[in-house]
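Visitor: Only the shape, not the letters, is given here:
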């Protein structure tokens, strides 16, 4: 496995009708890496994300995961391969309890990994899975909500639950779409700590889009700047921070808004 | 709505309540079994049809309440089972009756699979609505052209079966005996569906109903599980139809029209589609209403259609949803004292 | 043989236009409300019954016939307003399944009302005297009333295209259909536009009922049999697209007519095969409207 990057995208192109939204983007993420994709609104961050996770199909280009071509693979199979994802507006199974949410994900993992289940005739979830789900919830600091229906829990806790869903499938890479969008600053730092501890503990790679510069700088080593569907800069945090083009296109305007 | 399915989602009821529920259920089954000695044959027939409607409604609600797909032509599946069983008994296919039932269910599931393949990528919403309606209408056309299936007049004089188990024979030719068989069959089917809904399969279905995209990103093959749900639903509906043929002893095109397709929808929504038991409660409630309003032209359509619209607009969680609300209110008051 | 082909094409066109008269209102209201009104056919049937009750079985002239159709259109329009206020308005912001189920219930309700008022007997209404004859074209007899139906269908299509793409009202409709919220912020009275669209679609249903009542025997089932073709046309044509629905209606009409001519013993089956083929081949319809799923 050494030498093979975890996830690569080569010359991805995505268009909506005649309008090309992603114009030949390439990227590469190694195991355990953290990459932030930034750019002004409408730069194509979300679309790039969708192309990487398999929600939409690309006009051309190639996505490889663990060296295997996954460009034509539907979303659920990419997830099974080890690509976890969260959404900008967190999405969980609203009418199920927090515990049931995670159990659904764990049962799906069993299926994906073709692990058999003991005593299939019993309707109730396996005790081992219930225990694991409880463990995951407490790891994310929401163990006290295990019997709450997801629709009734707060925005921040729902983000945590969504992370638990993604983690339940033992991902090799976590794709986080605006993980702290719409959260209070204190809460943001909690999520950052959480992501950092997950990385430290499980060695999961991270790709994220984010507006908040503090969040970006505390999580990722590398940054990629997207503008009008093109990569205008990529490199370490410092390199990008000092890039003149980036200052002009992006930081000049949006940085001001983000901090003001 | 979330409150009603809360209990259904996790079964977090207290032990005493569960035991009480099971006790009520047991009493109900015993009463149903003893019914031939307690009521007149007319009412017994109504109870039998209610059981069949309950299974039919449960099959529809597995799709709607637990997977988030609506079929508007479920009568098509019912008719597959009813006509197959009717023909098998009348023309004597030399198949044991239990095998006839199994084949009927299988046929329903296969037709559901075929529809699923046609609309695999789009087994949602309006496409499914139009395809299922079209299925029912096409079925009606085909039956109308088939002399063996009685064309417009229906397939009559269906004999009741005898189950030969080698060691002993169960003679169901008498109405009361067939009714008792029907009670047993209904209990078994309901138990099987209860298992489906509460097993990991059911949890997967529910996850898809809640948020199909999220389900994809926990690795669930949404299209595949939608088709599986559709097949179980279609198979069960066909089974309900199969059980109805020996009871009514005639199968007609009236079972393959819009009104027939609406019945399970209405019963599920009337009883409460968020609960597993809702369709059964709804079927019982509707049969009761229907029993007292029968015999006026057009009234059944006005009743079915009107109640459906009112339920959707006023009480989308149905009878059980309303009862749940009352119960919580009562408990809430008790707690404050 | 060629006269048979002419016959199939002509009959198919006539049936297609009859379907289109019903489907037009259906696709119109879907384009704007994104609700597939399963009760549309029932209101078409009510329009036919109203025309029968007002105009009788023997219309005096083509003008009284058209006037009666307009009365039916107006009456069904009023019913549409009531339906909108009582039912449809409450379904705008809920899951579309509820809208489908509620309009399905509404359809049954209307059928029941028709049975209660007019009974279950069949009625026949004659075409007006001017068009109640046949002419010979290429060796086969062609009913003038059928020509009249074709003409009405074509005129309706032309009118809808002009209203939708050439007029101020059409622009507003399209704005509301694309983004109701945005339309609201630029000063369009969105609830009024939605209400008028619903009423317009019901008016179309009632008018179709009045014009098509001599086309077949009148019974409470006439709505169900017609509306299924209309649904198919809307789905095959691309939900909400008037042009797609128009072409799909012609296609359905011709297939149905060929089926009836060449395989009469299995009449009415071919269109279901067409539906299946169309959905596999073009799942989004011939002319997919944007933003529909």
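Guide: Yep, that arrived. Every value quoted in this text rests on a predicted model; they were computed, and no experiment measured them. Numbers count the residues shown, from 1 in each chain, chains lettered A, B, ... in the order given.

Visitor: does residue A:225 sit in a helix, a strand or a coil?
Guide: strand (DSSP: H, G, I helix; E, B strand; the rest coil).

Visitor: ok, how many other residues are close to residue B:116?
Guide: Using other Cβ atoms under 10 Å in any protein chain shown, residue B:116 has 21 other residues around it. C-beta coordinates here come from the backbone N, C-alpha and C atoms, glycine included.

Visitor: pretty sure it is in a helix, no?
Guide: Yes: remark: residue B:116 belongs to a helix, assigned using three-state DSSP.

Visitor: in the stretch 151-293 of chain C, what residue is nearest chain B?
Guide: The stretch 151-293 of chain C approaches chain B most closely through residue C:272 (4.3 Å), counting by Cβ to the nearest Cβ.

Visitor: before we move on, which element is that residue in?
Guide: Per DSSP states H and E, residue C:272 falls inside helix C:270-281.

Visitor: Distance from that helix to the middle of the chain?
Guide: Counting by Cα atoms, centre = their mean, to the nearest Å, helix C:270-281 is centred 20 Å from the centre of its parent chain.

Visitor: Tell me the buried residues in that helix?
Guide: Buried residues in helix C:270-281, counted by 16 or more other Cβ atoms under 10 Å in any protein chain shown: C:270-272, C:274-276, C:278-279.

Visitor: and which of the residues you listed is nearest residue B:163?
Guide: Using Cβ to Cβ, residue C:272 comes nearest to residue B:163 of the buried residues of helix C:270-281, at 36.9 Å.

Visitor: Now residue A:174: which helix or strand?
Guide: Going by DSSP H and E, residue A:174 is part of strand A:173-177.

Visitor: How far does the helix or strand following that strand sit from its chain's centre?
Guide: Toward the C-terminus, strand A:173-177 is succeeded by helix A:185-202 as the next helix or strand (DSSP H and E). Offset of helix A:185-202 from its chain centre (Cα atoms, centre = their mean): 13 Å.

Visitor: Repeat that for stretch C:33-50.
Guide: Counting by Cα atoms, centre = their mean, stretch C:33-50 is centred 8 Å from the centre of its parent chain.

Visitor: thinking again about what came up before, the closest residue to the residue of the stretch 151-293 of chain C closest to chain B other than its chain neighbours: which element?
Guide: Excluding the flanking residues, the one nearest residue C:272 by Cβ to Cβ, 6 or more residues apart in numbering or on different chains is residue B:138, at 4.3 Å. Using DSSP H and E, residue B:138 sits in helix B:125-145.

Visitor: Verify the stated contact: the residue of the stretch 151-293 of chain C closest to chain B with residue B:140.
Guide: No: when contacts are counted by Cβ atoms under 8 Å, residue C:272 is not listed as touching residue B:140 (11.0 Å).

Visitor: Quick one: neighbours of residue B:83, just the number.
Guide: Residues lying near residue B:83 (other Cβ under 10 Å) number 30.

Visitor: With residue B:70 instead?
Guide: Residue B:70 has 23 neighbours, counted by other Cβ under 10 Å.

Visitor: On the three-state scheme, it is what?
Guide: Applying three-state DSSP: residue B:70 is coil.

Visitor: Give me the residues contacting stretch A:227-239.
Guide: When contacts are defined by Cβ atoms under 8 Å, 6 or more residues apart in numbering or on different chains, stretch A:227-239 is touched by residues A:20-27, A:39-40, A:43-44, A:47, A:216-217, A:220-226, A:240, A:243, A:245-246, A:249-250.

Visitor: The same query, at a cut-off of 6 Å, please.
Guide: A:21-23, A:25, A:39, A:43-44, A:217, A:223-225, A:240, A:243, A:245-246, A:249 (Cβ atoms under 6 Å, 6 or more residues apart in numbering or on different chains).

Visitor: helices or strands next to the helix holding residue C:272 in the packing?
Guide: Other helices and strands packing on helix C:270-281, by 3 or more Cβ pairs under 6 Å, 6 or more residues apart in numbering or on different chains; DSSP states H and E, are helix B:97-118, helix B:125-145, helix C:242-262.

Visitor: could those go into a markdown table alongside distance to residue C:209 and mean pLDDT?
Guide: Compiled in a markdown table, those are given as follows (distance: least, Cβ to Cβ, whole Å; pLDDT from 0 to 100):
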| stretch | distance to residue C:209 | mean pLDDT |
| --- | --- | --- |
| helix B:97-118 | 32 | 92 |
| helix B:125-145 | 20 | 83 |
| helix C:242-262 | 17 | 88 |
